[in-house]
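Student: fold the stuff below for me.
(one chain, ligands or ions: 2)
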Amino acid sequence: MPASDKPSRSALRRTLGLVRPHLRGHGPVMAGGVVALLFEVVFRVLEPWPLKFVIDALTRSLGADLAGTGPTASLRLLLLAGAATVAIVGLRALANYLATVAFALAGSRVATALRARVFGHVARLSRRFHATSRSGDLVQRLIADVGRLQEVAVTAGLPMLANLVTLVAMTVVMFFLDWLLAVVVIVAAATFALTSRTSTSKITTASRRTRQAEGDLANIAQETVGAISVVQAYGLERHLGDRFQGSNAKSLRDGVKSKRLAAGLERRTDLLIGIATATVLVFGGWRVMTLNMTPGDLVIFTTYLKTAMKPLRDMAKYTGRIARATASGERVADVLDVEPEIRPVGAPRRVPALTGALRFSGVTVRFQKRHEAVSDIDLEIVPGERVAFVGHSGSGKSTLASLVPRLIDPSEGVVLADGMDLRTLDIDFLRSQVALVQQEAVLFSGSVMDNIRMGRLDATDEEVMDAARAARAHDFIMAMPDGYQHLVGERGGTLSGGQRQRISIARALLRDAPIVVLDEVTTGLDGDNADAVLAAIETLTKGRTTIVVTHDDQVAAACDWVFRLERGRVVWQGAGDAFLGSRRG
Ligand code: ADP
Ligand code: MG
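Tutor: Numbering: from 1, shown residues only. Ligands and ions are numbered 1, 2, ... in the order given. Sure, this is the predicted structure:
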């Protein structure tokens, strides 16, 4: 993800682009919100008018000829003005309530949809992306940044819109009352708009840094908690604590900076409003004295100035909030901009089932620009055959194996199944035809039953248990207190390595796929466990095209065909029987 630090003008535009596709369908709610908002503005504009009538009437009653013609003060007029004030304030509160609810509703719905879109997008990105992305930061973007967007839409976007409309409406009314004074307001608003621009972009930059530092925090916290036993065994608590504190302090510094900038903008606006008020006071008083305006008009003016300028001041506050939100919006947009690498070529094809014939033709995979993880591989696997990939660590075995379920696509060359380029196949179909088991057996928090069922979500309990039996997992599962309902901790922390591995083999068995890929499944297991896992593998791979990545010569020798890799190239191949001989030679 390009985490650029320079302020970009397009931050707001990108953020709006992010939410725009999700606004569709919320039209009625949003329209209702806008109507309520307009009503609120109308009532805001009306609010000081009863006061004006009372003051002008009082002025007349007192005998001054400043207030033009009109009724004089009476109890009836005063009561009427009081009632009008209460009605206006009440209706304004109602309109505000309705607008807030409508915007909150639309905001939450949009945020929910956006979050779902980002999640789906992230889950589809390739190994290449996830190998280098930082998961804590990614989670932070998905949860906190999207949440911030939603919150700001309601706490800043809505009031800002209302303020803008209010400002315009009040300016129009003021023009009718006295154009000279209205000009003062316009000059003040324009000055604000000009002075706030630089502050806003600085606030966005500082906020972006804060969010970055918070992403770092999430990463360090996640890595530490995820590897707590290594952290404690190696005494890394203090070292990681220092790193955490470093990011923590950075986030604090930048956070304070953006708050300081926002506060500065607000106070400068206060000053501006003060000057504008003073001008109106002097000019307006003089206009009343020269009979160009009534005292009531002056009251309207000063109230409007306060009400119209308060929005202006709030704008300073909201600009800060919105600047922070667009920093979040950019982070989310950055994630969405990562192009999914695994894309179909043409219309995705589905066939009833694959036979399991695989061919690699001129396959090269690069992770970084020049470094080739595997280079120009040509090999063929016949349906039902069991082949082994052997070779030193880093020789490209896993890379080659991960091409089959398209966890990654070749940089050059093609991988074919039954003569069809994998990229032309429907990705869900292809993956349903491949069962992958990796060295690190991955379990999710939930019951053992759920974990096995992830191989095929519509499997019945009986099918799950059959798979577990075939994977030699049934007995140890039944020995656990809750049996199949036993809850495994995050990443299977409550089970032994061999047990985890057999559960993941049961999961692969349940998939009943014609192609099986086993990546160092027995590596790191002790004798007994390895034997049980090997027996389970035997069942899993019977009659299926199987790719076994292994360090174990015996396991390789038991395969039909062996490919030995070195630095991304096949340096030897031959029948399993000949493999051990080749090792000695
Ligand atoms: P093996 O499984 O044989 O140990 P791999 O296929 O995992 O080897 O790796 C082959 C080469 O590709 C290694 O040099 C490794 O550093 C590199 N590599 C593997 N995965 C990535 C990745 N996601 N990003 C960058 N380089 C990678
Ligand atoms: Mg490997």
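
Student: can we go C-alpha only for contacts and neighbour counts from here?
Tutor: Fine.

Student: quick check, residue 497 in contact with residue 522.
Tutor: No. Using Cα atoms under 8 Å as the test, residue 497 is too far from residue 522 to be in contact (9.7 Å).

Student: the more surrounded of the two?
Tutor: Relative neighbour count places residue 522 above the other of residue 497 and residue 522, with 27 against 20, counting by other Cα atoms under 10 Å.

Student: number of residues surrounding residue 474?
Tutor: 20.

Student: quick check, residue 435 in a strand?
Tutor: Yes. Counting by DSSP: H, G, I helix; E, B strand; the rest coil, residue 435 is found in a strand.

Student: tell me the phi and psi of residue 388?
Tutor: Backbone torsions for residue 388, taken as degrees, to the nearest 10, come to phi -120, psi 140.

Student: give me the beta-bridge partners of it?
Tutor: Taking DSSP bridges as the rule, residue 388 bridges to residue 548, residue 562.

Student: quick one: contacts for it?
Tutor: 547, 548, 549, 550, 556, 559, 561, 562, 563 (Cα atoms under 8 Å, 6 or more residues apart in numbering).

Student: next, work out how far apart it and residue 12 are.
Tutor: Separation of residue 388 from residue 12 (Cα to Cα, to the nearest Å): 53 Å.

Student: what segments of the stretch 151-300 of the chain are helices?
Tutor: Using DSSP state H, counting those that start in this stretch, the helices assigned to the stretch 151-300 of the chain run over residues 158-177, 179-226, 228-233, 237-289, 295-337.

Student: was I right about residue 519 contacting residue 550?
Tutor: Yes. Between residue 519 and residue 550 a contact is recorded at 6.9 Å, counting by Cα under 8 Å.

Student: sec struct for residue 577, please.
Tutor: Assignment for residue 577 (three-state DSSP): helix.

Student: what count of nearby residues applies to it?
Tutor: Burial measure for residue 577: 15 neighbouring residues, criterion other Cα under 10 Å.

Student: cool, residue 458 as well?
Tutor: 9.

Student: doesn't it lie inside a strand?
Tutor: No. The assignment for residue 458 is coil, going by three-state DSSP, so no strand is present there.

Student: phi, psi of it?
Tutor: Dihedral angles for residue 458 - degrees, to the nearest 10 - are phi -100, psi 10.

Student: what about it, distance to ligand 1?
Tutor: As for residue 458, its distance to ligand 1 is 32 Å (criterion: Cα to the nearest ligand atom, to the nearest Å).

Student: what pLDDT is listed against that residue?
Tutor: You'll see residue 458 listed with a pLDDT of 92.

Student: need the contact list for residue 520.
Tutor: By Cα under 8 Å, 6+ apart, the contact list for residue 520 reads 438, 439, 548, 549, 550, 551.

Student: can you pull the contacts of the second one?
Tutor: In this structure, residue 439 makes contact with 501, 518, 519, 520, 521, 522, 523, judged by Cα under 8 Å, 6+ apart.

Student: show me these that map onto helices.
Tutor: Among the contacts of residue 439, DSSP state H puts residue 501 in helices.

Student: middle-most residue in the chain, spatially?
Tutor: Nearest residue to the geometric centre of the chain (Cα atoms, centre = their mean): residue 142, 2.4 Å.

Student: rewinding a little: closest to residue 234 out of the contacts of residue 388?
Tutor: residue 550 (29.6 Å; Cα to Cα).

Student: and the gap between that closest one and residue 251?
Tutor: Residue 550 is 45 Å from residue 251, where distance means Cα to Cα.

Student: just residue 368 next, same as before
Tutor: Relative to residue 251, and taking Cα to Cα, residue 368 is found at 31 Å.

Student: quick one: which of these two has more around it?
Tutor: Taking other Cα under 10 Å, residue 368 and residue 251 do not tie; residue 251 has more neighbours (24 against 9).

Student: which stretches of this structure have low pLDDT?
Tutor: 1-9, 67, 154, 311, 316, 490-491, 583-585 (pLDDT under 70).

Student: distance from the centroid: which residue in it tops it?
Tutor: residue 63 (67.9 Å).

Student: can you pull the phi/psi pair for that one?
Tutor: According to degrees, to the nearest 10, residue 63 has phi 90, psi 0.

Student: how close does it sit to ligand 1?
Tutor: 88 Å.

Student: same question for residue 468.
Tutor: For residue 468 relative to ligand 1 (Cα to the nearest ligand atom), the value is 27 Å.

Student: ok, and what's touching stretch 90-104?
Tutor: For stretch 90-104, the surrounding residues in contact (Cα under 8 Å, 6+ apart) are 29-30, 32-37, 39-41, 43-44, 153-154, 158.

Student: one more: stretch 114-127?
Tutor: 18-19, 22, 142-143, 146, 332, 335-336, 339-342, 407-408.

Student: which one of those is nearest residue 300?
Tutor: If you rank the contacts of stretch 114-127 by distance to residue 300 using Cα to Cα, residue 19 comes first, at 39.5 Å.

Student: surely the residue nearest to the centre of the chain is in a helix?
Tutor: Yes. Per three-state DSSP, residue 142 lies within a helix segment.

Student: who's in contact with it?
Tutor: 115, 118, 119, 332.

Student: would you turn the residues you listed into a markdown table with secondary structure and distance to ligand 1?
Tutor: Converted to a markdown table, the contacts of residue 142 look like this (DSSP: H, G, I helix; E, B strand; the rest coil; distance: Cα to the nearest ligand atom, whole Å):
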| residue | secondary structure | distance to ligand 1 |
| --- | --- | --- |
| 115 | helix | 26 |
| 118 | helix | 22 |
| 119 | helix | 21 |
| 332 | helix | 23 |
